[in-house]
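# Here is my input; please provide its structure:
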Amino acid sequence: MQTWITDIDINKSASNLHWRHLNAQIYEGIHILSSLLNINDKLVTPKRSVINHPATMQWKGYEKELYHYILIHCKHLKSYGTDKYYETITYKNMKLIEGYINTSAKLKYPDWFKIHIPIHRSNLVLKNEDHYKALFGKAIYSDNVRVYGGKILNWYLLVK
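Residues are numbered from 1 along each chain as shown. As a prediction, this is how the structure comes out:
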């Protein structure tokens, strides 16, 4: 489970993603958000809670921002063209979630966005070099070990 951040601007970040990753962001975003709001059982397609997953924990306190993140990704996925079944399920789930979100509050995205951008870019290049290399450069493994949150990360540098 992952929420990809490739730019501090969510709209640009979503526009960088391949349609398959956009689709996954919407699905996983709804799963994370419904866990945070404790409404998994109310979804059109009920899911088990992922409240203890690291991706869920990093969004805790940023439910409105995650809701906005999902909406932006839906907008970009529509530009690729999607099937009506998926749009219907997503629409129904998002309308349900909207009732639990204070949509009038000001957006303030988490500070970890900036830290994750280079990591997410390099990981996306490794997942789909054909799509992401032109956007972010080539991923080169580095012997430098980075520690983030007490965990050792595999680190790849991006070179144009």
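
# contacts, neighbours, all on C-alpha from now
Fine.

# so Lys95, which of the three states?
Using DSSP: H, G, I helix; E, B strand; the rest coil, the structure places Lys95 in helix.

# how close does it get to His21?
Distance of Lys95 to His21, given as Cα to Cα, to the nearest Å: 22 Å.

# Could you check which of these two is surrounded by more residues?
His21 (18 against 11; other Cα atoms under 10 Å).

# doesn't the more buried one fall inside a strand?
No - counting by three-state DSSP, His21 falls outside a strand, being helix.

# For it, give me its contacts.
His21 makes no contacts at all, as judged by Cα atoms under 8 Å, 6 or more residues apart in numbering.

# Going forward, the N-terminal residue is numbered 460.
From this message on, residue numbering opens at 460, which makes the last subject His480.

# Retrieve the pLDDT associated with it.
pLDDT recorded at His480 is 91.

# just Gln461 next, same as before
For Gln461, the predicted pLDDT is 82.

# OK, contacts around the nearest residue to it once chain neighbours are set aside?
Take Gln461 and drop its neighbours on the chain: the residue closest to it by Cα to Cα, 6 or more residues apart in numbering is Ala514, 6.1 Å away. By Cα under 8 Å, 6+ apart, the residues touching Ala514 are 460-462, 491.

# Then Glu487?
Contacts of Glu487 by Cα under 8 Å, 6+ apart are 460-462.

# how does it look with 7 Å?
Shown in contact with Glu487 (Cα atoms under 7 Å, 6 or more residues apart in numbering): Met460.

# which residues of the protein score low on pLDDT?
Along the chain, segments meeting pLDDT under 70 span 541-546, 599-619.

# Could you verify that the residue nearest to Gln461 is part of a helix?
Yes - judged by three-state DSSP, Ala514 forms part of a helix.

# Which residue is the nearest non-sequential neighbour of Thr515?
If the residues on either side of it in the chain are set aside, Thr515 comes closest to Ile491, at 5.3 Å by Cα to Cα, 6+ apart.

# Before I go, just wanted to say thanks for your time.
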